[in-house]
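> Got a sequence here, can you model it:
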Amino acid sequence: MIVFRPMTLIRTKRDGTLPGTCPGSLFRHLYCCLSSTFVPFLVLFLALSATALLSGCAGSPAKETKVDLVWPPPPEQPRIRYLGSYSSQLDLKGRSSLKARLLGEDPRGFALQKPYGVTATDDGRRIYVADTKQAAIVVFDFDTKKVYPFETDAAGALRSPIEVRVDSRGRLYVTDPVRSRLFVFSPKGKTLYALGAKEKLERPTGLALDERRQRIYVADRGTHRILVYNFEGEFQYAFGERGTGPEQFNLPINLAVDREGNLYVVDFGNFRVQMFSPGGDFLGMFGEAGDKMGDMARPKGIAVDSDGHIYVVDAAFGNFQIFNREGRILLFVGQMGHQPGQFWLPTGMYINAQDRIYVSDSLNARIQVFQYISERNVKRDDRR
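Residues are numbered from 1 along each chain as shown. Alright, predicted model coming up:
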């Protein structure tokens, strides 16, 4: 094997390294040399050669092509539009893939491994993801174009974060069923509250915030209850017990609050969703076990859009279904797979103030983002 350098032929050793260098450092050596020598044509030649060579390497992330996906498909009026997906630093265009490879680094930078819970700021400039495999909250920051783990103090060290929410002050709320706690962090990662010891939280999972009423709702699948705290970390009340009747739960797992303050509970083991008023009154329920549209098999994340439609992720179906307030199925989005708009074990879900839909696509190690096209936008388009 022969490596070219300006005006010199250097024969490499059998292991492919240069004389006097360590095994595996050939590309690092070349990179350093080229950085200090102005040889335009050689730089171009090596860059093109390296790109061609590395494009065939196993594990190279494929760039996602732009697609125009809507549901329902034409000629029906679209209601959901696919916007894109996020899994690593590469998706924020803040890292040079070629440079990282030449230096022997992971070109993806910091990347998701097994996301579950997801949330976002109202303006969509930050996405927060609970990654159970990394025991971390992963931040996608579109202002700095960086992806990084949210750093906490020792008191708030996470072991298995499941759900995450952020309020208008930038405080983060995280459930950790292994530590049996709900943690509240400042924007800088200081632990403000670690809730659940007195109330005997066992396996907290689902989490929802009602900022108007200053309420934090927590689903405890270990005790089959919903617990309510205020924003100062003070326990208010709890309701529920194990069972199959109204206001009873069998593994409550995820929560959502709509703009009127109504609470929605994914009752996982009963294959249904239960609804409650801001005052705690039972409003109704829908769903049953099955494999047809509108049924539920492994219901997970839940969210509500600005028009009051209820979205429920189903990990078994590989999609999310959309219901009206009476529980009638309106539409489903997605199927099992790895392409845009497809899912492999979807879990958490969140809809922000802009009706942007975030879905954790767990085994595809990514967050997929969609846009709900509201009734108001449809009517505005019709008038044009």
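
> going forward, measure contacts and count neighbours with C-alpha atoms only.
Fine.

> where in the stretch 101-250 of the chain is pLDDT low?
Within the stretch 101-250 of the chain, the stretches with pLDDT under 70 are 101-107.

> residue contacts, the nearest residue to Gly327 once chain neighbours are set aside?
Closest residue to Gly327 apart from its sequence neighbours, by Cα to Cα, 6 or more residues apart in numbering: Phe286 at 5.3 Å. Neighbouring residues of Phe286 by Cα atoms under 8 Å, 6 or more residues apart in numbering: Arg272, Val273, Gln274, Glu326, Gly327.

> so what's Asn249 bridging to?
Not quite, residue 249 is Phe, not Asn. Assessed by DSSP bridges, Phe249 has beta-bridge partners Arg242.

> Quick check: closest non-adjacent residue to Phe150.
Nearest to Phe150 is Ile137, by Cα to Cα, 6+ apart, at 5.4 Å.

> What strands line up against the helix or strand containing that neighbour, and which way round?
Here Ile137, judged by DSSP states H and E, is contained in strand 136-141. Next to strand 136-141 in the sheet, as set by DSSP bridges, lie strand 126-131 (antiparallel), strand 146-149 (antiparallel).

> what's the most buried one of these?
strand 126-131 (a mean of 26; mean count of other Cα atoms under 10 Å).

> my guess is Glu211 meets Val166, correct?
No - between Glu211 and Val166 there is no contact under Cα atoms under 8 Å: 10.5 Å.

> ok, the closest residue to Gly243 other than its chain neighbours - contacts?
The shortest distance from Gly243 to any non-neighbouring residue, by Cα to Cα, 6+ apart, is to Phe249 (5.5 Å). By Cα under 8 Å, 6+ apart, the contact set of Phe249 is His224, Arg225, Gly240, Glu241, Arg242, Gly243, Asp267, Gly269, Asn270.

> please redo it, this time with the cut-off set to 7 Å
His224, Gly240, Glu241, Arg242, Gly243, Asp267 (Cα atoms under 7 Å, 6 or more residues apart in numbering).

> Columns distance to Gln354 on top of the residues you listed, output as CSV?
Formatted as CSV, those follow (distance: Cα to Cα, whole Å):
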residue, distance to Gln354
His224, 32
Gly240, 32
Glu241, 35
Arg242, 36
Gly243, 37
Asp267, 27
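
> Let me know the closest of those to Tyr128.
Ranked by distance to Tyr128 (Cα to Cα), the contacts of Phe249 are led by Asp267 at 24.4 Å.

> you'd agree that closest one is up against Asn250?
Yes - contact between Asp267 and Asn250 holds when scored by Cα atoms under 7 Å: they sit 6.1 Å apart.

> Looking at those two, which is more packed in?
The residue with more neighbours, out of Asp267 and Asn250, is Asp267; 27 against 23, by other Cα atoms under 10 Å.

> Among the contacts of Phe249, which one is most surrounded by other residues?
Asp267 (27 neighbours).

> Would you check how far apart that residue and Ala155 are?
To Ala155, Asp267 is 31 Å away according to Cα to Cα, to the nearest Å.

> Residues touching the strand holding Ile137, excluding its own?
125-131, 146-150, 158, 161.
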